[in-house]
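J.: Quick check, what structure comes out for this input:
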Amino acid sequence: MRCRFLTEQRRLGHNLCAPCVLWPNGGNLFLVAGVRLAAMKYLRAAVALTILIAGTIDAQDLPVITLRRTVCFGTCPIYSLEIFEDGRLRYNGENFVGVVGRQEARISSAAVNSLIANFLSIEYFHLKDVYETHRNPDGTIEWITDLPTTYTSLRIGSRTKSVRDYAFSPEKLRQLEVEIDRVANTHRWIHNNDDLKVWEIVEADIYRRTKPGMNLLMEAAGKGDTKALGKEHDKGTAVDAQDETGWTALMLAAEQSKETAV
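T.: Presented below is the predicted three-dimensional model:
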């Protein structure tokens, strides 16, 4: 009787809360309670699964490491870099770079993991969020103008961290920033014009040493650091080694007018 009553109420358009579905039995239609509830549970599970899959896809498309260098009072390279877990690189050059616009490349997953290990080795998650000023022992604040700002970030699972480095950051952070450039070989897009006449490019290569093939001996020669030069020589570093465009330690020392190194 109750099923016939519910059926009649539904025929009249009444909204009944009892879960049910029509079921044929001897030519008559009866309501079977509970099926609607099961359908709703199935729908919720399907939605949850869809959200989970979408979240996994979105996570795979998020970079694990980012680097961004901004404008300064001068010709500092302005660009950004994204590194993905599978080794994909996404570069975007804005100004004062050899290649403006978007470029894509790839490094090995092992190289990505090595970079992540470098982040963790300097306790990146415990660094300050911003490095901009310095407080002296007497309480006065020291600050600098016209420098570029470098932004980095790291994502491991749901844990994320970003750091804005303008000035007075620890050396280990600055070394990490350069290591990201080195591993990703952003040199190919930033300094693609390796002309002897462009001394700014040569000098930047020496002091940042992100150019593939540039070793510590070349860096020391270009800086005129005879102590470091002798140390590398004693280690057996080849004096005629070349970077990817053929530069040697002697060429760098001569171009930078480092007579003692020559």
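J.: Could you pull out the buried residues of stretch 128-137?
T.: Across stretch 128-137, burial judged by 16 or more other Cβ atoms under 10 Å covers 131, 132. Where you see a C-beta, it was placed from the backbone N, CA and C, and this is true even at glycine.
J.: If you could redo that for stretch 248-262, that was the one I meant.
T.: Here stretch 248-262 shows 248, 249, 251, 252, 253, 254, 255, 256, 258, 261 as buried, counting by 16+ other Cβ under 10 Å.
J.: burial measure for the nearest residue to the second one once chain neighbours are set aside, as a count.
T.: Which is residue 249. Of all residues not flanking residue 249 in the chain, residue 221 sits nearest, at 3.8 Å (Cβ to Cβ, 6 or more residues apart in numbering). Neighbour count for residue 221, taken as other Cβ atoms under 10 Å: 30.
J.: is it fair to say residue 221 lies in a helix?
T.: Yes - looking at residue 221 with DSSP: H, G, I helix; E, B strand; the rest coil, it is inside a helix.
J.: Sort out which residues of stretch 137-148 are buried, please.
T.: residue 147.
J.: who's in contact with that stretch?
T.: 69-74, 76, 78, 132-136, 166-168 (Cβ atoms under 8 Å, 6 or more residues apart in numbering).
J.: Pull the most distant pair out of the residues you listed.
T.: Across those, no pair lies farther apart than 78 and 136, at 31.4 Å, counting by Cβ to Cβ.
J.: quick one: low-confidence parts of this protein?
T.: For the chain, the stretches with pLDDT under 70 are 1-60, 193-197.
J.: shouldn't the residue nearest to residue 249 be in contact with residue 260?
T.: No - at 10.0 Å, residue 221 does not count as touching residue 260 under the criterion of Cβ atoms under 8 Å.
J.: which secondary structure element contains residue 203?
T.: Using DSSP states H and E, the element containing residue 203 is helix 199-208.
J.: still on that earlier bit, in TSV: the buried residues of stretch 248-262, plus distance to residue 105 and secondary structure.
T.: Output for those, formatted as TSV (distance: Cβ to Cβ, whole Å; DSSP: H, G, I helix; E, B strand; the rest coil):
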residue	distance to residue 105	secondary structure
248	27	coil
249	28	helix
251	27	helix
252	26	helix
253	31	helix
254	32	helix
255	28	helix
256	30	coil
258	33	coil
261	34	coil
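J.: between these, which is closest to residue 175?
T.: Proximity of these to residue 175 was ranked by Cβ to Cβ; the top entry is residue 252 with 20.8 Å.
J.: Who's the closest spatial neighbour of that closest one, skipping the chain neighbours?
T.: Nearest residue to residue 252, sequence neighbours excluded (Cβ to Cβ, 6+ apart): residue 222, at 3.8 Å.
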